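Asker: Provided below are the primary sequence and the corresponding predicted coordinates.
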Amino acid sequence: MYLRIFLLFCWLICASVIQNPTLKPVFGVQVRFQSGTTMYSLVAFLDDGRALTYKKILTKEDFIKIASGYWPSIYNPTKENLFEKYEISCGMINDSIHLKPIPMCFPIDSLWKLRFSDFPFMNIDEKGWSSELNRPSARQAEFLRINYKVDNVDLNYFLDTNFWNILKDVQDTTWVNSYKALQ
């Protein structure tokens, strides 16, 4: 009888212990109109295995400093250069004029082209890659849904691996030409 009570007590204690999940940093971007002239929103989360938590909206400069390992952050606790890891031509560049490091990331500056056929603001005559004026064509949208898990460019984020993949892909002229060819 005492053995059963002891075993039940041990089981209750062991069953009530919940392991502390390892938090994984996740970065993402949403391509849409933002306040001012920004056409994307960069975000960082911590993934506990069940949900994305600790959401933080980042400026381009803050994102580059965190992802390059230049700044310490809960979103890059090991200060790993994620741009090197994912082969993205971004990071902190030494400015020879001001003699200090500055954040640079041309792939981020190209993300608007996924959605627009022309730069949507005045005074810049630059072409985008979208087949339609203010959104990807149906085939381009389907391509983004299948390859990057983005159901709606206005509402969804390119997240985690898909985020790094899109940043890498927009640097590739073969990929860009293939995307533009989707009518």
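Answerer: That came in fine, so what should we check first?

Asker: Give the helix, strand or coil label for K55.
Answerer: Under DSSP: H, G, I helix; E, B strand; the rest coil, K55 falls in the strand class.

Asker: residues touching the closest residue to it other than its chain neighbours, list them.
Answerer: Leaving aside its sequence neighbours, K55 sits nearest to F45 (C-beta to C-beta, 6 or more residues apart in numbering; 5.4 Å). For the C-beta atoms, the positions are set from N, CA and C on the backbone; glycine is no exception. F45 sits next to 25-28, 52-56, 159 when contact means C-beta atoms under 8 Å, 6 or more residues apart in numbering.

Asker: would F45 count as being in a helix?
Answerer: No - under the criterion used here (three-state DSSP), F45 is strand, not part of a helix.

Asker: For the most centrally placed residue in the chain, list the residues it contacts.
Answerer: Residue closest to the average C-alpha location in the chain (C-alpha atoms, centre = their mean): G28, at 2.1 Å. Going by C-beta under 8 Å, 6+ apart, G28 touches 42-45, 157-160, 163.

Asker: cool, and D47?
Answerer: 23-26, 53, 160.

Asker: any idea how far it lies from M104?
Answerer: 28 Å (C-beta to C-beta, to the nearest Å).

Asker: Using TSV, please lay out the contacts of G28 together with distance to L82.
Answerer: Output for the contacts of G28, formatted as TSV (distance: C-beta to C-beta, whole Å):
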residue	distance to L82
L42	13
V43	15
A44	11
F45	14
Y157	17
F158	15
L159	14
D160	11
F163	10
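
Asker: Do I have it right that P136 meets F116?
Answerer: No - the pair P136 and F116 fails to qualify as a contact (C-beta atoms under 8 Å) at a distance of 9.2 Å.

Asker: Name the residue in these two with the higher neighbour count.
Answerer: Of the pair P136 and F116, P136 is the one with more neighbours under other C-beta atoms under 10 Å, namely 25 against 22.

Asker: From S68, how far off is the more buried one?
Answerer: 29 Å.

Asker: Please, where are all the helices along this protein?
Answerer: Applying DSSP state H to the chain gives helices spanning 2-16, 60-67, 82-86, 106-110, 138-148, 160-169, 173-181.
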